[in-house]
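# Okay, here's the prediction I keep looking at, along with the sequence it came from:
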Amino acid sequence: MSEKRKKQKSGLEWQPKIKVEKVTVDNPFYSKAHQGVGANPVKIQAQMNIRESAIVTLAARKQINEAQLAAATRFRALYEAMGGAGAGSFDYSREPVDGGGSREPLTEQQIRAGQELKRCREILGIKAYDIMSKVAGQGYAIGELAKSHRERTTLADYLKDGLDEMARNWGYENRGTQRKRA
């Protein structure tokens, strides 16, 4: 049997994570100066790969609102600014090797992102922050983290509650004290 047939039969062949759907997004070219003009809509239709991340999938399925999506996007940007899992440490016990070069120092952006993520962890708590890091930061799907329906539901609830809290903290959603603008 050929190698290609073996891969197909065993299901080990790589499949891209692509599913393109039409979604409504903020118009990046919207201008308040031309408000009310038909060629200047606030929202537009766009094609988007909804499997790009779990957050995008949840937003496309209308399982999270715009404020939660904005909070997840900001969290992801902070997480990526830190270099993924955060700043690495230097092992002083290892002897330096020629050609290895020295470790790059932390940038101001990484320091600010680290401080903001620390604040997120204090607000969310350890468990909710861990779930937020895996789903919003690293792009894991909830189904990859939990196998049973009950576990998936629980993780989704933790994620949504955390996104609500961060949306309120960052001002994407008010606490009911201000009127929402149209």
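Looks like it came in fine.

# use CA for all of it now, contacts and neighbours both
Will do.

# doesn't residue 69 make contact with residue 172?
No - look at residue 172 against residue 69 with CA atoms under 8 Å: they stay out of range, at 9.5 Å.

# more crowded one of these two?
Higher neighbour count among residue 172 and residue 69: residue 69, with 21 against 16, using other CA atoms under 10 Å.

# And the longest helix anywhere in the chain, what's buried?
Ordering each helix of the chain by length in residues (DSSP state H) puts helix 149-169 first. For helix 149-169, the neighbour count (16 or more other CA atoms under 10 Å) marks 152, 155-156, 158-160, 162-168 as buried.

# Can you add distance to residue 140 and pLDDT and give the residues you listed back as TSV?
Output for those, formatted as TSV (distance: CA to CA, whole Å; pLDDT from 0 to 100):
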residue	distance to residue 140	pLDDT
152	12	92
155	12	92
156	12	92
158	15	92
159	12	93
160	15	93
162	16	94
163	16	94
164	19	94
165	20	94
166	19	94
167	20	94
168	24	93
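
# Now do the strands in this structure.
20-26, 43-49 (DSSP state E).

# So what are the sheet partners of the last one and their directions?
Paired with strand 43-49 in the same sheet, following DSSP bridges, are strand 20-26 (antiparallel).

# CA-only coordinates of the strand it pairs with in PDB, if you can.
Output of strand 20-26 as PDB, limited to C-alpha atoms (Å, rounded to 0.1, in the frame of the first residue of the first chain):
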ATOM      1  CA  VAL A  20     -14.800  31.400   5.400                       C
ATOM      2  CA  GLU A  21     -18.200  33.000   6.300                       C
ATOM      3  CA  LYS A  22     -19.700  36.500   5.900                       C
ATOM      4  CA  VAL A  23     -19.700  38.500   9.100                       C
ATOM      5  CA  THR A  24     -20.600  42.100  10.000                       C
ATOM      6  CA  VAL A  25     -17.600  44.100  11.200                       C
ATOM      7  CA  ASP A  26     -16.700  47.700  12.000                       C
END
